[in-house]
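Colleague: Predicted model and sequence below, questions to follow.
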Amino acid sequence: MKLIYVNISILLLLISQLAVAQITDPVATEVWEPEPRVVTAGAMNAAPSDAIVLFDGSNMDGWQHKDGTPIKWKLDGDAMTVVKGTGPIFSKEAHGDCQLHIEWRAPAEVISEGQGRGNSGVFLQGIYEVQVLDSYNNRTYSNGQAGSIYKQTMPLVNAMNPPGQWNTYDIIFKAPKFNADGMKVASAFVTVIHNGVVIQNHTEIKGTTPYIGLPQNPAHGEAGIQLQDHGNPVSFRNIWMRKL
Ligand code: MG
């Protein structure tokens, strides 16, 4: 019986190879449907035509504190800036898989060092921190510098602009998956491009990114972006997202 199975599988293999060998028409391997829809790219870093604009400088209405109250950060020019002690803010828009563009600036005035200098963070789904820090000539632990998946994975390189200058993060995020029992069945993955430089290349996110302790994997669904109040007046501007 076993022998018959082996023979059948060999036969199937031969047939499939024969089928491949028989394709002589180039048209046979053309795929026309579906047709990718047209998206108009934004000039420079502007939002593409299908992006959800989370912040464009006109107001901070797309954001709230954890308790749902309007945010107490400062709107200045086309940016919003952390006001120490007011707490983190969350986008009202929840997300799963996405492409996120966000620009951020560490204070021009350097008044501290290490983790105390221009610290904030972009938390995907409100949970997974891509570190924001003034890492320009500012040594700290590598898995806590700008662009690290905090306390998990250091950035491949340091692409930091000097304090007072704007930085861009372009983030491609694949959300984790959980089964009905709340077990994680697929990790999140993230790619981060900092000022045009790849610093996280399809990095597995192992779980939460706590200051103390190891990553945890509580089940969750879609959630908003969190921006951290770490006590430093870090600014953000031009925030848009494309859901994937
Ligand atoms: Mg931080």
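Modeller: Nice, thanks for sending it over.
Colleague: Ramachandran coordinates for the spatially most central residue of the chain?
Modeller: In the chain, the residue lying closest to the centroid (CA atoms, centre = their mean) is residue 171, at 3.8 Å. According to degrees, to the nearest 10, the main-chain angles of residue 171 amount to phi -120, psi 130.
Colleague: OK, contacts around the closest residue to it other than its chain neighbours?
Modeller: Computed as CB to CB, 6 or more residues apart in numbering, the closest residue to residue 171 that is not its neighbour in sequence is residue 100, at 4.4 Å. No exception for glycine: its C-beta is placed from N, CA and C like everyone else's. Counting by CB atoms under 8 Å, 6 or more residues apart in numbering, residue 100 touches 122, 124, 169-171, 173, 225, 239-241.
Colleague: Assign residue 100 to helix, strand or coil.
Modeller: strand (DSSP: H, G, I helix; E, B strand; the rest coil).
Colleague: about what we covered before: so can I have CSV of the contacts of residue 100 showing distance to residue 69, pLDDT and secondary structure?
Modeller: Shown next, in CSV, are the contacts of residue 100 (distance: CB to CB, whole Å; pLDDT from 0 to 100; DSSP: H, G, I helix; E, B strand; the rest coil):
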residue, distance to residue 69, pLDDT, secondary structure
122, 21, 98, strand
124, 23, 98, strand
169, 27, 98, strand
170, 30, 98, strand
171, 27, 98, strand
173, 27, 99, strand
225, 17, 98, strand
239, 20, 98, strand
240, 24, 98, strand
241, 23, 98, strand
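Colleague: mind listing what the residue nearest to the centre of the chain touches?
Modeller: By CB under 8 Å, 6+ apart, the residues touching residue 171 are 98-102, 122, 124, 130, 190-193.
Colleague: What are the neighbouring residues in contact with the closest residue to the ion within the chain?
Modeller: Going by CB to the ion, the ion is nearest to residue 121 of the chain, at 3.4 Å. The contact partners of residue 121, by CB under 8 Å, 6+ apart, come to 129-132, 150, 226-228, 230.
Colleague: What about the ion: which of those touch it?
Modeller: residue 228 (CB under 5 Å from the ion).
Colleague: Of the contacts of residue 121, which belong to helices?
Modeller: Per DSSP state H, helices hold no members of the contacts of residue 121.
Colleague: between the contacts of residue 121, which is nearest residue 53?
Modeller: Sorting those by how near they are to residue 53, with CB to CB, puts residue 227 at the top with 15.5 Å.
Colleague: Tell me the bridge partners for the residue nearest to residue 171.
Modeller: Beta-bridge pairing for residue 100 (DSSP bridges): residue 171, residue 241.
Colleague: ok, so what distance separates it from residue 40?
Modeller: Using CB to CB, to the nearest Å, residue 100 is found at 19 Å from residue 40.
Colleague: swap in residue 56?
Modeller: 17 Å.
Colleague: And these two? Which one has more around it.
Modeller: Between residue 56 and residue 40, counting by other CB atoms under 10 Å, residue 56 is the more crowded of the two (14 against 8).
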